[in-house]
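Enquirer: let me see the structure of the following:
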Amino acid sequence: MKKSRIVLVFVLFVLIFSTVPQEVTAQTPPTCGYDSNVESILAEVTQEDVVQWIRNFSGEDFVPIGVSQKKILTRFSTQLFNLNVNALAYPYLGEQLRSFGFEEGTYLTDHAYTPNYVPTGTENMIDLHNVGEDYVSSDRNTKVVGNPDQTTTWKNKVVTIPGHGPNADEIVLMTAHMDSTSPQRNTNAPGAEDNASGVAALMEAARLFRFYKFDRTIKIIFFTGEEQGLWGSEAYVEDHPAEMDNIIGVVNLDMFGYDNDQDMCIELHVGTMPDSNQVGTCFTEVNTNYNLGLAYDYVTNGAIGASDHASFWDAGVGAIEVLENFQAHDESFGCNGTQDRNPHYHQITDTIDKMYMPATLATVKAGVGSVASLALPMGKCFATDPQITATPQTESIIVNWAEIEGADVYNVYRSTTSCAGSFTQVAQVSTNSYKDVDIDLENDYFYKVQAAETGAVCYSQMSNCAVARVEVPIFFDIFIPLVIAGE
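Expert: Next up, the predicted model:
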C-alpha cells in the first residue's frame, strides 16, 4: 500500500509539472573564444581607414556623392531627408555600401518610418545621454523636435549578410546611429565622436565581412532619429516583431573615441538581462583574445538606456551599448572611478581632432570582433583570390585567370588611369576570361577581377592589377607618313 502511494504521488508530480510552461529559446549560447578568422578580419581594420570614415562623415573632407564632391556638414535627421546639400550622408552611405557589392533591394535595404512630431512651440527635447541612471523607457514618449521639414518619412539603412550555416535563421545585429546634432544642427553638426565613430565601425564591418562566411546571419543597421529619442530603432523593433525572437544579440556602438586621459577606458552598458550579459561577455573576451588593450566599466545595475540598444531591451532582446567613459562608476570597475566625458558632446566642436585614435581604433576592432565572433565565422568565402593576366590582341584585350573553386561569377573591373586609380565594373562573367573590345589604341587599361557567390554576400579579395594596351599596327606607322607625303 505504501509503495502504491509513492507511485501515485510520483505520477501526480509528473503530470503537474509537465503542464508548467517552460521557457523556450531558439538561440544557442554564443561562444567567443579565439578564432583565426576573427584575427584575420581585425588585422584588416586599420587606423587609417577608421580615421577616413570619421573624416568623411563629419565634414572634414569632400566625398563623392553622385557626380559631385560635397562635404557632409550636418547629419541632423530632418536635414538628412529634406535634400539639404550639406547633409547628404544618407546617399553617400548608400553609394559606399553598393560599391562593396551589397545589392540594392536584396542585401541593402531602406527601412522607412514616420517620425513622431509634436507642434512647434511645445519643444522639450530630451538629452538622452544626460538622463543617466534615472532613465526610463517611457521618457521616450515625449520626443519633440518641432514640425517636420518638407518630409514625414525618415529611413534606417540595413545591410544583410546571410548566414551560410545551420543557424542561418539566427541573427546578430551591429548597430549605430548615423545622425548628429548641435546648437546649429541644421547647418553645422559634425558629430565626429557622436556618432561618426560608430558609423566607422559599421562601415569597416560591412567592408570586411563580405569576404567571409558566417554560420549566423548578420545585420548591420545605421539608425536615424536617435537624437530625437531613439525613433529609428524604436520603429525598426516595432516593425519587425518576428525578427526579435531570432536575434542572438545586439552590439550598439554610440559615441566613443574621446579619451582625454588616454587610459583606453570605455563603458559597456550591459544591463541585467542574461542575454545582454552574454553579448557583453563576448565583447570583453574579444578584447582579451586579440590583445586590444581596452579597459572598461562593465555596467549592469544602473546601465543607461540612452541609445538605440534600449529599444531592443524593451523587446526583451539582449543588447549592449559601447560608450566613452561618460560617467564615474565604482572604483572597482575598469576605469577606476574616473569620468572622462567629452566636453564637445552635441557641439559644433565635436570634431575628429578631439579624439584619441588608439582608443577609437581599439573600440572599433572590439565591436567588429564581437559581432564576427557571435556570428560564428566559417572561413573565407574562397580559399584563393584571382590572379589575372591581360593580353592585348589586334583590337581587344583578353583578361584571363584560373577558376576559383566555389565561385559562381566573376566581376571584372577596369581603370583608365592606374592600378591605384578609380575602378569601374565593366562586366560580370561566369567563365574565367573576359574580352574587352571597348578600347582605344595606344591607351593603357588596368584590370582587376573579384570572384563572387551568387545568392549571397560572399566575395574574394580583389585580384592583382594587370595592365595592357593595344599598339597601333606597324603598317600604320609606314602607311600614314607616305599618304601625308603624297607618295
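
Enquirer: could you list every helix and strand in contact with whichever strand or helix holds L202?
Expert: Using DSSP states H and E, L202 sits within helix 197-209. Applying 3 or more Cβ pairs under 8 Å, 6 or more residues apart in numbering; DSSP states H and E, one finds that helix 197-209 contacts helix 47-57, helix 89-99, strand 154-161, strand 171-177, strand 217-223, strand 247-253, helix 357-374. All C-beta spots, glycine's among them, are computed from the backbone N, C-alpha and C.

Enquirer: need those in a markdown table with mean neighbour count, can you?
Expert: A markdown table is the format used below for those (neighbours: other Cβ atoms under 10 Å):
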| stretch | mean neighbour count |
| --- | --- |
| helix 47-57 | 19 |
| helix 89-99 | 19 |
| strand 154-161 | 23 |
| strand 171-177 | 28 |
| strand 217-223 | 25 |
| strand 247-253 | 28 |
| helix 357-374 | 26 |
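
Enquirer: and A200, which of the ones you listed is closest to it?
Expert: helix 47-57 (3.7 Å; Cβ to Cβ).

Enquirer: outside of that closest one, which residues touch it?
Expert: 60-61, 63, 72, 75, 89, 92, 178, 191-192, 196-197, 199-201, 203-204, 207, 257, 352, 355, 357-358, 360-361, 364 (Cβ atoms under 8 Å, 6 or more residues apart in numbering).

Enquirer: let's go with 7 Å and repeat that
Expert: 61, 63, 72, 89, 192, 196-197, 199-200, 203-204, 352, 357, 360-361, 364 (Cβ atoms under 7 Å, 6 or more residues apart in numbering).

Enquirer: next SSE after that helix?
Expert: For helix 47-57, the following helix or strand on the C-terminal side (DSSP H and E) is strand 63-65.

Enquirer: next one: that following strand to chain centre, how far?
Expert: Its chain's C-alpha centre and that of strand 63-65 lie 19 Å apart, by Cα atoms, centre = their mean, to the nearest Å.

Enquirer: check which element follows it along the chain.
Expert: As the chain continues past strand 63-65, the following element, by DSSP H and E, is strand 68-70.

Enquirer: partner strands of that following strand, with direction?
Expert: Next to strand 68-70 in the sheet, as set by DSSP bridges, lie strand 63-65 (antiparallel).

Enquirer: and the partner strand, which residues are buried?
Expert: V63, I65 (16 or more other Cβ atoms under 10 Å).

Enquirer: repeat that for stretch 257-267.
Expert: Using 16+ other Cβ under 10 Å as the test for burial, stretch 257-267 gives G257, Y258, D259, D263, M264, C265, I266, E267.

Enquirer: against Q428, how distant is the residue positioned nearest the centre of the chain?
Expert: Residue closest to the average C-alpha location in the chain (Cα atoms, centre = their mean): L202, at 2.2 Å. As judged by Cβ to Cβ, to the nearest Å, L202 and Q428 stand 27 Å apart.

Enquirer: next: D194.
Expert: 40 Å.

Enquirer: who has more neighbours out of the two?
Expert: Legend: neighbour count by other Cβ atoms under 10 Å for D194 and Q428, higher for D194 (32 against 14).

Enquirer: help me confirm that that one comes into contact with D350.
Expert: Yes. Here D194 reaches D350: they are 5.9 Å apart, a contact under Cβ atoms under 7 Å.
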